[in-house]
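Need coordinates for the below:
(4 chains)
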Protein chains: 2
Amino acid sequence: MQDLINKIKGTISLSPEAEQYIYTIAKEKVVSKDEILIFQGQSVTKTYYVTQGCLRSFCIDKDGKEHTLQFAIKDWWISDFMAVYSNERASLTVQCITDATVVEFDTKKLNEIYSQFPEFEVFQRKNLERHVVSLHKRILNQLRMTALERYHLFLTQYPDIEQHTPNYHIASYLGITQQSLSRVRAENAKK
Amino acid sequence: MQDLINKIKGTISLSPEAEQYIYTIAKEKVVSKDEILIFQGQSVTKTYYVTQGCLRSFCIDKDGKEHTLQFAIKDWWISDFMAVYSNERASLTVQCITDATVVEFDTKKLNEIYSQFPEFEVFQRKNLERHVVSLHKRILNQLRMTALERYHLFLTQYPDIEQHTPNYHIASYLGITQQSLSRVRAENAKK
DNA sequence: TAGATTTATTACCATAGGGTAATTTTTATG
DNA sequence: CATAAAAATTACCCTATGGTAATAAATCTA
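Got it, this is the predicted structure:
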């Protein structure tokens, strides 16, 4: 929790009242590998800030295939933001892929923080700006890079995830099958 | 310009002073088909709000191929947001694909609006939230849909763009070549 | 440690989509 | 309107990736 408070203080100055409010709408939680925090189809009442470990969000398509939208490691936020920001039911599942520690926020109360403590507007705007940047880059990379290039980039972006998550999760993030990932890795190793 | 003011008033209450400020940092501009508003490699001093016509942003990869990141029609914002939010040089080009009318903002002054008129924080946060939602959906659609499905979805999302933009721009947005788009459309028509 | 389970690899063939180039169609312009 | 230019289509063959299935390797668990 202190990690998060410090993170916030790195961007905005946080009044004692605002800090107190955070403690009333959030609580630290230890979660286990494979635990599901948000269920596809249900309403999204929680948003998570990761302080340790790794989580992912993914959707399951009509053929049952999983597509990973996001990995979240230390200091990342994760939820089903499509559901939260559009007030819809979850189309994603959020799952722990390692044992982890998260700060669990009540989504509704988190959304009220801005009217109570407007200083959070700046914090959230900057978060969202960074988020947009990373999504734009991901879309462009998906358009212009080969699967192998995307895999190499992934390894540099998430150097610690590879050890903790099966290859098929990484493949589902890169937009290929696990067999293809295995193949391109093998071809790459040959050279 | 009045379109934009009304749009803003739809989300927040706009003081006369804030409205006045907008007029000092933005001006309406008529631009022509094929005109380039932001050049890849240069610094991004402008951000655009479209009131009429259609623009797009794209990058050019190492092989010279174009990849369209965004189309912008009436009431959309367009710029190189990666550059704006990360304070980097443009990696995108922004181009008019029809004659158009835009409200041209000075990016730097636009970024100062929040400290001068904090009411814009809410407006911008909601814009960014919607933007994140649309980007998440786009990423998931790219992962789970076929090229033909993505094309059909594109037509429903941008019903007016098809008439005004060549197919190869649409193809470059969908992540396929124009030949592939032509082929899948032909195969679809056969059925 | 043995056996069971999960994950990764490999092989085989199938398919979507790419690259090049020729051709047709559409659009712009003198 | 005639011509040129741009855009779209089609054909051909090629490559990257997918689907299925068998096998191997790694990991978990009794």
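
Name the spans of chain A whose pLDDT lies under the cut-off.
Applying pLDDT under 70 to chain A flags the ranges A:191.

and the longest helix anywhere in it with helix B:119-144, angle?
The single longest helix within chain A, with elements called by DSSP state H, is helix A:119-144. Helix A:119-144 and helix B:119-144 are oriented at 30 degrees to each other (axes from the mean of the first three to the mean of the last three CA atoms, to 10 degrees).

and the helix or strand following helix A:119-144, is it in reach of DNA strand C?
The first helix or strand that comes after helix A:119-144 along the chain, using DSSP states H and E, is helix A:147-157. No: using CB under 7 Å from any atom of the strand, helix A:147-157 stays clear of DNA strand C, coming no nearer than 10.7 Å. Backbone N, C-alpha and C define where each C-beta goes, glycine included.

Show me what helix A:147-157 is packed up against.
The helices and strands touching helix A:147-157, judged by 3 or more CB pairs under 8 Å, 6 or more residues apart in numbering or on different chains; DSSP states H and E, are helix A:119-144, helix A:167-174, helix A:178-190.

do that helix and DNA strand D meet at all?
Yes: for helix A:147-157, a contact with DNA strand D is found by CB under 7 Å from any atom of the strand, at A:147, A:148.

now what about that helix, what contacts it?
The set of residues that contact helix A:147-157 without belonging to it, under CB atoms under 8 Å, 6 or more residues apart in numbering or on different chains, is A:141-142, A:145, A:162, A:170, A:173-176, A:180-181, A:184-185, A:187-188.

Tell me the one of those residues nearest residue B:71?
residue A:142 (17.1 Å; CB to CB).

how near is the closest one to residue A:58?
Distance of residue A:142 to residue A:58, given as CB to CB, to the nearest Å: 16 Å.

Who has more neighbours out of the two?
For residue A:142 versus residue A:58, the count of surrounding residues by other CB atoms under 10 Å in any protein chain shown is larger for residue A:58: 22 against 18.

residues touching the more buried one, list them.
Applying CB under 8 Å, 6+ apart as the definition, the contact partners of residue A:58 turn out to be A:66, A:67, A:68, A:69, A:92, A:93, A:95, A:172.

Nearest residue to the fifth one in space, ignoring adjacent ones along the chain?
To tie it back to what came earlier, the one meant is residue A:92. If you skip the residues right next to it in sequence, residue A:92 has residue A:80 as its closest partner in space, 4.1 Å away by CB to CB, 6 or more residues apart in numbering or on different chains.

Same check on the last one?
Using CB to CB, 6+ apart and skipping residues adjacent in sequence, the residue nearest residue A:172 is residue A:68, 4.5 Å away.

who does the strand or helix carrying the one you found pair up with?
Secondary structure assigned from DSSP H and E places residue A:68 in strand A:66-72. When pairing is defined by DSSP bridges, strand A:66-72 lines up against strand A:55-60 (antiparallel).

sorry, back to before: centre of the chain to the longest helix of chain A, how far?
For helix A:119-144, the gap between its own C-alpha mean and the chain's C-alpha mean amounts to 12 Å (CA atoms, centre = their mean, to the nearest Å).

how about that helix: buried residues?
By neighbour count on 16 or more other CB atoms under 10 Å in any protein chain shown, the buried set for helix A:119-144 is A:119-125, A:127-129, A:131-133, A:135-144.

How much space separates the closest residue to residue A:30 other than its chain neighbours from residue A:29?
Beyond its immediate neighbours in the sequence, the residue positioned closest to residue A:30 (CB to CB, 6+ apart) is residue A:101, lying 5.5 Å away. Distance of residue A:101 to residue A:29, given as CB to CB: 7 Å.

Contact residues of chain A facing DNA strand D?
Residues of chain A that fall close to DNA strand D, judged by CB under 7 Å from any atom of the strand: A:63, A:65, A:146, A:147, A:148, A:175, A:176, A:177, A:179, A:180, A:183, A:184.

helix or strand for the first one, which one?
Right, the one you point to is residue A:63. Residue A:63 is part of no helix or strand, with elements assigned from DSSP H and E.
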